[in-house]
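J.: the following comprises the amino acid sequence and a computationally predicted model.
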Amino acid sequence: DAKTTQPPSMDCAEGRAANLPCNHSTISGNEYVYWYRQIHSQGPQYIIHGLKNNETNEMASLIITEDRKSSTLILPHATLRDTAVYYCIVRRRTSYDKVIFGPGTSLSVIP
Amino acid sequence: GAVVSQHPSRVICKSGTSVKIECRSLDFQATTMFWYRQFPKKSLMLMATSNEGSKATYEQGVEKDKFLINHASLTLSTLTVTSAHPEDSSFYICSARSSGGQETQYFGPGTRLLVL
């Protein structure tokens, strides 16, 4: 699976959009971009995934660049409850692939 | 999203005893389940992958005789930490996925184990 690079930490003001970047320059054509988050002392929560088109759901939007070498997770109106570690993961959707976590980005939403 | 539960949520045991942690997929059939552990301020580390009805595949460095995994049904997997020692104290998290890998992998809430 391709490796991802994320900033170790970010701050965001409450009510503003949080934009979390992820680099995956070695991504291959059949690999998807997944985002999870882990709030302190809880299990990871699935947020969103995409292949090449931008995706939106009730939690967030995922913007993938045209060359697919990077992506951005957008939380449109961050709240204090969005404070968590956010993980960007690249994986193929086969029976052999599993979610392998990197260090992620620790997002702090500030009042 | 799909719901994965774990039981117990936290457990304290004496050194030398064995501890069993259950993982259940509540609203889908999980053909594949995964077990992770997480130390404080660290990321999750994959321990093993199990497919229903077959033996688990362990990641390098994980002792299979120490961490027994049983994936007996499409909704239940168990992790038994045998002869627990204080260094086994950690946050154990299971994950489940349905179908042939096409589906998203969902995670349980985790089990905090403290070995005295």
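T.: The structure has been received and is ready for your questions. Numbers count the residues shown, from 1 in each chain, chains lettered A, B, ... in the order given.
J.: and the strands in the chain, which stretches?
T.: Since you didn't name a chain, this refers to chain A. A:9-13, A:18-23, A:31-38, A:45-50, A:55-56, A:61-64, A:70-75, A:84-92, A:105-110 (DSSP state E).
J.: the chain in question should be chain B.
T.: Under DSSP E, chain B gives strands at B:4-7, B:10-13, B:19-25, B:32-38, B:45-51, B:57-58, B:67-73, B:76-81, B:90-97, B:106-107, B:111-115.
J.: so which of those gets nearest chain A?
T.: strand B:106-107 (4.1 Å; CB to the nearest CB). Every C-beta, even on glycine, is put in place using the N, C-alpha and C of the backbone.
J.: show the contacting residues for the spatially most central residue of chain B.
T.: Centroid check for chain B by CA atoms, centre = their mean gives B:W35 as the closest residue, at 3.5 Å. By CB atoms under 8 Å, 6 or more residues apart in numbering or on different chains, B:W35 lies in contact with B:23, B:46-48, B:50, B:67, B:69, B:77, B:79, B:92-95.
J.: residue ranges in chain A under the pLDDT threshold?
T.: A:1-2, A:95 (pLDDT under 70).
J.: near chain B, which residues of it show up?
T.: A:34, A:36, A:38, A:41-46, A:49, A:87, A:93-104 (CB under 8 Å from any CB of the partner chain).
J.: show me which of the residues you listed are buried.
T.: Neighbour counting over the residues of chain A next to chain B (16 or more other CB atoms under 10 Å in any protein chain shown) leaves A:34, A:36, A:38, A:43-46, A:49, A:87, A:93, A:97-102, A:104 as the buried ones.
J.: still on that earlier bit, do you know the pLDDT at the residue nearest to the centre of chain B?
T.: B:W35 carries a pLDDT score of 97 in this model.
J.: over to B:Q29?
T.: For B:Q29, pLDDT reads 88.
J.: not counting its neighbours along the chain, what's nearest it?
T.: B:L74 (3.9 Å; CB to CB, 6 or more residues apart in numbering or on different chains).
J.: likewise for A:Y87?
T.: A:Y87 sits nearest to A:G104 (CB to CB, 6+ apart), 4.2 Å away.
J.: could you do B:A30 as well?
T.: B:A30 sits nearest to B:A96 (CB to CB, 6+ apart), 3.6 Å away.
J.: what's the most distant pair in the contacts of B:W35?
T.: B:F67 and B:S95 (15.1 Å; CB to CB).
J.: and these two? Which one has more around it.
T.: Taking neighbours as other CB atoms under 10 Å in any protein chain shown, B:F67 and B:S95 compare with B:S95 leading, 26 against 19.
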